[in-house]
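*Asks:* please find the sequence and the predicted model below.
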Amino acid sequence: MARPEAITMVYRRKLPYDTHPLFSQRQILIITSLIGAALCLLTINASGDLTYTVSLLFLFLSTFLAACDLNCYAMTKIKQPEEELRWPQVVTIVADLFLAIVLQLSVWASADAVEHLSPGSRVCAAHAALTDLLCSLLHAYCFWKQVEARWMTKWLAGLQKEPCKQCGHKPDEDVSVGPDQRSPATRGRPSGERASPTQDQNSRMEEGNLIDSDLGSAYEHVENTE
């Protein structure tokens, strides 16, 4: 039985998890949620409180979300190494927001349930609530960064489509200048060499000479009359 292509690529090449924009945050989130799940299990065995059972469920969902996000991004990176990946996805943004709110509520519910526990099980319960708080903050941070990245992507896409306000040129237009449209290059003159007068300059000089001769004859006529 042949293996799927995706699984074969995993065996041949290591998945580039570290290329994920939120790799460090996702990695810390997985470790923290697993520690919190273990503390919730210890608290459930000692007290049997339903609050920590619900908290355990959401911590597993947090681990699943972070692992799936890293894995999907790395698999897509292998399949399309040269293309720019579409990140973030709307599903992960909504899931991060949901878990950030739910785990924050779980912190307050766990704080209320600690008062009804025995002194021996309060230590595990308090640390379990602390892991819920850390996971909630990490999900909130990931949510904000994903929203910021998505907004920046849309802004850049809109910026490339808008024409210039001064000349009306669009950035995506490729303006090519043909050889016939190029202006001929002018050869520079050596320093100290005077340029020959043009036709307009010659006509102006001739008009100036005529005016000077007319003024001279008029001046002589005035002197003779005096």
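*Replies:* Alright, I've got the coordinates.
*Asks:* what are the buried residues along stretch 50-57?
*Replies:* 51-52, 54-56 (16 or more other C-beta atoms under 10 Å). In short, each C-beta sits where N, CA and C put it, glycine included.
*Asks:* stretch 66-77 too?
*Replies:* 66, 69-70, 72-74, 77.
*Asks:* just put those in a markdown table and tack on distance to residue 36.
*Replies:* Shown next, in a markdown table, are those (distance: C-beta to C-beta, whole Å):
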| residue | distance to residue 36 |
| --- | --- |
| 66 | 13 |
| 69 | 18 |
| 70 | 19 |
| 72 | 24 |
| 73 | 24 |
| 74 | 25 |
| 77 | 29 |
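*Asks:* the lengthiest helix in the chain - contacts with which helices or strands?
*Replies:* Ranked by number of residues, the top helix in the chain under DSSP state H is helix 122-161. The helices and strands touching helix 122-161, judged by 3 or more C-beta pairs under 8 Å, 6 or more residues apart in numbering; DSSP states H and E, are helix 23-47, helix 50-79, helix 90-114.
*Asks:* any idea of the angle the first one forms with helix 122-161?
*Replies:* Meaning helix 23-47. Counting by axes from the mean of the first three to the mean of the last three C-alpha atoms, to 10 degrees, helix 23-47 lies at 150 degrees to helix 122-161.
*Asks:* do the second one as well
*Replies:* With the same axes, to 10 degrees as the basis, helix 50-79 and helix 122-161 are set at 40 degrees to each other.
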